[in-house]
Every structure is written in structure tokens, then in C-alpha cells.
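K.L.:
Structural data only, the sequence is not supplied:
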Ligand SMILES: Cc1cc2nc3c(=O)[nH]c(=O)nc-3n(C[C@H](O)[C@H](O)[C@H](O)COP(=O)(O)OP(=O)(O)OC[C@H]3O[C@@H](n4cnc5c(N)ncnc54)[C@H](O)[C@@H]3O)c2cc1C
């Protein structure tokens with residue numbers, strides 16, 4: 001293999017960057033002494049990108065809006081419902097960042113960035129970098145009934161303080177209403193039920209998880225939840241919350257008279273804040289637009305994770321965020337060095353939820369017009385497995401209560417390219 005040694009001078013800092021690159025342009029060893037990367041957002045994508053860049057000797061500053069070290073977001077329901085010691089969900093101890101050459105700045109929300117790599121923090125301090133990665137993730141959707149409501153015992157479950165807040169308000173025997181029957185809502189319902197709360201889930205759709213499961217599978221999901229004493233109200237939506245006597249909350253819905261509860265969690269989907277990117281002149285849609293290298297419309301500014309708009313569906317998932325963080329980190333190095341950028345290949349991500357013996361899995365198409373559903377097996381209300389075919393070719397698979405052979409079907413779908421990207 002032919003190795004080429006390059007030396008590049010950065011104009012900004014008059015420092016040297018060196019890299020050993022193979023014939024294909026892959027970076028083998030890079031030393032970016034004096035080069036500085038700013039990474040905005042310290043979730044899965046931000047931490048993965050920081051690691052790739054710091055390993056190559058680039059000075060990495062990782063800005064986090066949060067006060068606690070980066071954590072495993074999917075474990076928030078565990079934390080909220082008291083199953084975990086709070087620090088157990090941290091990805092690493094604080095010393096890990098320093099030991100790995102990452103300057104982690106907690107409680108450092110970036111308010112502005114510019115196409116020439118300057119960031120301004122919430123306290124007005126400015127810093128200049130040689131390359132930027134935006135990894136600010138998504139946030140919980142705030143429907144109008146939630147935005148206008150000032151009651152303290154109505155929660156969302158998106159970040160660490162949300163989970164700690166819920167945890168502090170839980171009392172056995174209390175009544176909890178969960179608005180939204182998606183994965184986060186259902187996991188919260190199951191955990192709350194096990195913590196001896198009385199739980200009602202209100203879902204706008206006529207059945208549970210209609211984007212990911214067919215009618216029959218949805219029916220099994222419903223049956224399993226009801227069996228666990230979770231009350232379900234489907235085909236109804238919340239109109240407003242009212243404070244009632246004894247500090248209770250009346251949840252008013254379109255079709256029912258109202259449900260009295262002690263606390264409520266609203267989990268109705270994810271939204272993306274692109275205002276900072278728009279102000280910097282970057283091309284945005286629902287998310288920040290990126291090309292196949294995860295580079296935004298501004299050269300040298302990359303976006304990764306939930307906030308990255310790929311032009312195809314980008315599922316909000318840990319797996320995708322980690323992979324994109326690595327690619328964005330690599331390509332940011334290449335931007336500094338001039339090698340060959342990596343192409344990010346989106347991979348379909350299955351829907352899965354496993355909590356004790358409650359299990360849901362789905363990937364690809366769901367049953368519907370023009371498709372054949374072949375039920376593999378089902379057992380009373382316990383398990384359900386089916387494959388979905390389009391023109392006799394496997395196009396999807398869904399399972400409730402079991403994951404028997406799910407990986408085998410998933411692999412077949414990935415190889416054939418029939419799994420859709422969400
Ligand atoms: C309760 C819950 C459960 C989930 N369960 C699963 C699951 O089981 N499996 C799965 O694959 N996915 C799950 N997800 C989704 C998954 O967590 C996300 O897809 C993933 O975290 C995305 O990573 P990210 O790095 O893009 O963004 P995030 O993890 O959202 O991190 C972005 C970070 O950027 C920070 N930030 C935002 N703006 C700024 C700013 N201006 N300055 C500085 N910092 C900023 C935010 O505070 C945040 O810490 C779950 C999500 C939630 C909320």
C-alpha cells in the first residue's frame with residue numbers, strides 16, 4: 001500500500017496538520033495538532049464524532065446544552081420509573097472525555113454559529129474553529145394543549161431532567177395518563193404499571209402503532225397491554241388539561257368527558273429545531289439538509305444524528321446516530337486534510353420494544369392493499385408473527401410477544417433492499 005504523507009498549514013491558526021493516507025484516500029494516521037473542531041450537541045452522534053476526531057489528534061470541543069454528562073437516552077424511561085441509579089445511564093464518567101482529548105463543555109448551549117466556524121454560546125462567549133459538526137438531535141413535539149398548559153405535573157420524557165422530575169413525582173397508587181401510544185408512551189406505561197401506578201394511555205389513532213404494525217398485530221399489542229391492566233383509549237385526542245380539587249388534573253378529550261389523574265406524560269412525537277442553521281444560511285427542510293457525506297450546504301459544516309436531513313427517511317435511532325457521528329467525524333477530518341470523504345449509507349432500522357416479556361418487532365412493509373400477509377403462527381393473545389409479501393417477495397415482518405427468527409427475516413430484507421427506511 002502506498003502511503004502519502006501530507007502537511008497542510010491552516011491559515012487560521014498557523015498550526016500544522018499531518019495525515020498518512022492510503023491510495024484510496026482513507027486516513028490511516030492523522031495528527032491535527034492545533035486544528036480545532038467544534039461539535040454542537042453531545043448525544044450519540046456528537047460523542048461518536050468527537051471520538052473519531054480526537055483520536056486523530058484534532059482538538060475537539062464538545063458543546064452540550066445539558067448539565068449532566070452525555071447519557072443513553074433510551075434508558076430515560078428506566079430512570080423515570082425508578083429502575084436505575086441516575087449516574088448508571090451516563091455513557092462515560094467525566095474523566096473519560098479529558099483522557100480522550102475531548103473538551104466537554106456542559107451547560108454550554110450554542111446560540112449562534114456562522115459559516116466561517118464561529119460559535120456564540122448562551123453567555124455571549126465566542127469561539128472560532130476549523131470545522132463544525134451539528135449534532136443537536138430532536139425534541140419532543142409540543143401540541144397546543146401542552147404549550148398553553150402551565151401545570152407542573154404534566155411532563156415530557158425526552159431528557160435527563162424530565163426523567164428525574166417524573167421520578168420525583170411518582171407515588172404508588174397514583175393515576176397516570178400517558179398521551180401518545182408510540183414506543184416511548186408504551187414503555188412508560190408498562191414501567192409505570194409495574195411501579196403500581198394506575199395507567200391510561202390515550203392514542204389519537206384508531207389502533208396502536210399503525211405505521212409499524214398491521215391491524216391484527218395491533219390487536220395483539222392492545223390485548224397484551226390490557227392484560228397488564230393498562231387502560232387504552234383509542235381514536236380520541238386530548239383537547240386540554242384543567243387543574244381540579246386536591247391537585248388533580250382533568251384530562252379533557254374530544255370524545256370522552258374527561259379523565260382525572262395525578263400526573264400526565266405527553267409523548268406525541270419528535271420535532272427538530274433548525275432555526276440556528278437557518279440563521280447561519282444553511283439549507284434546511286424539516287431538518288438540516290446534508291449530502292451523502294453528511295456535509296451541509298456550508299462547506300466544512302457537517303450534521304449528524306436525528307437533526308440530519310438525508311433526503312431519504314432518517315429514522316430517529318441510536319444506531320443511525322452513532323454511524324452518522326462516525327462518518328461526519330471522519331469527513332470533517334477529510335475536510336481539514338483533503339483525503340476522500342466517506343459516503344453515509346442509510347440502513348433501515350427495525351422498530352423494537354422489549355420490556356420483560358412484552359416484545360414488539362417490525363421492519364419493512366406492513367399489511368395493506370396489494371400485499372399478502374402470511375401469518376407464521378399465533379398463540380391466543382400471547383404471540384403473533386407474520387410476514388408481508390409484495391408480488392411474492394418478502395417486504396416486511398412483524399412480531400408481538402416473541403422475536404423468534406426475526407433477525408433471519410430482517411437480514412433477508414436488508415440483503416434484498418426491501419426494508420423501508422423507518
Ligand atoms: C425516551 C426515549 C427513548 C428512546 N428509545 C430509543 C430506543 O430504544 N432505540 C433507539 O434506537 N432510539 C431510541 N430513542 C431515540 C434516540 O435516543 C435518538 O434517536 C438518539 O438519541 C439521537 O442521537 P443524537 O445524537 O442525534 O441526538 P440526541 O441524543 O438528541 O442528542 C442531542 C444533544 O444535543 C443537545 N443540544 C441541542 N441543541 C444544542 C445547542 N444549541 N447547543 C448545545 N447542545 C445542544 C441536546 O441537549 C442533546 O443532549 C429514544 C428517545 C427517547 C427520547
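P.N.:
Perfect, I can see it now. Quick caveat, the model's predicted, so the values are computed rather than measured.
K.L.:
Show the pLDDT at the nearest residue to residue 396 once chain neighbours are set aside.
P.N.:
Of all residues not flanking residue 396 in the chain, residue 364 sits nearest, at 3.1 Å (Cβ to Cβ, 6 or more residues apart in numbering). Just so you know, the C-beta spots here come from the backbone N, C-alpha and C atoms, and that holds for glycine as well. Looking at residue 364, its pLDDT is 92.
K.L.:
List phi and psi for residue 364.
P.N.:
The phi and psi values for residue 364, taken as degrees, to the nearest 10, are phi 80, psi -150.
K.L.:
Relative to the ligand, how far out is residue 254?
P.N.:
Look at residue 254 and the ligand: by Cβ to the nearest ligand atom, to the nearest Å, they are 26 Å apart.
K.L.:
Can you pull the domain assignment for this protein?
P.N.:
Following automatic domain parsing, the chain resolves into domains at 4-138+272-337, 144-269, 351-416.
K.L.:
can you redo these as CSV with mean neighbour count?
P.N.:
Below are the domains of the chain laid out as CSV (neighbours: other Cβ atoms under 10 Å):
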stretch, mean neighbour count
domain 4-138+272-337, 19
domain 144-269, 18
domain 351-416, 17
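K.L.:
can you put those domains in CSV and add distance to residue 343?
P.N.:
Below are the domains of the chain laid out as CSV (distance: least, Cβ to Cβ, whole Å):
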stretch, distance to residue 343
domain 4-138+272-337, 5
domain 144-269, 28
domain 351-416, 17
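K.L.:
Among those domains, show the one with the smallest mean pLDDT.
P.N.:
Among those, domain 4-138+272-337 scores lowest, at a mean of 88.
K.L.:
can you tell me if that domain touches the ligand.
P.N.:
Yes. Contact of domain 4-138+272-337 with the ligand (Cβ under 6 Å from any ligand atom) involves 40-46, 63-66, 73-74, 76-77, 109-110, 135-138, 305-306, 316-319, 321.
K.L.:
mind checking how far that domain is from the chain centre?
P.N.:
Relative to its chain's centre, domain 4-138+272-337 lies at 15 Å (Cα atoms, centre = their mean, to the nearest Å).
K.L.:
Helices of the stretch 251-400 of the chain, start to end?
P.N.:
Along the stretch 251-400 of the chain, counting by DSSP state H, counting those that start in this stretch, helices occupy 275-279, 318-337.
K.L.:
Dump those helices to JSON lines, plus distance to residue 383.
P.N.:
Converted to JSON lines, those look like this (distance: least, Cβ to Cβ, whole Å):
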{"stretch": "helix 275-279", "distance to residue 383": "45"}
{"stretch": "helix 318-337", "distance to residue 383": "25"}
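K.L.:
Which one of these lies nearest to residue 264?
P.N.:
Nearest to residue 264, of all the helices of the stretch 251-400 of the chain, is helix 318-337, at 26.7 Å by Cβ to Cβ.
K.L.:
hang on, the earlier thing: the residue nearest to residue 396 contacts residue 386, doesn't it?
P.N.:
No. With contacts counted by Cβ atoms under 8 Å, residue 364 stays clear of residue 386, the gap being 11.5 Å.
K.L.:
Name the residues contacting each of the two.
P.N.:
The contact sets of residue 364 and residue 386 overlap at residue 397 (Cβ atoms under 8 Å, 6 or more residues apart in numbering).
K.L.:
which ones are touching the closest residue to the ligand within the stretch 251-400 of the chain?
P.N.:
Here the stretch 251-400 of the chain gets closest to the ligand at one residue, residue 305, 2.1 Å apart by Cβ to the nearest ligand atom. Neighbouring residues of residue 305 by Cβ under 8 Å, 6+ apart: 41, 43, 44, 45, 46, 135, 136, 137, 320, 321, 324, 325.
K.L.:
All good on my end, thank you.
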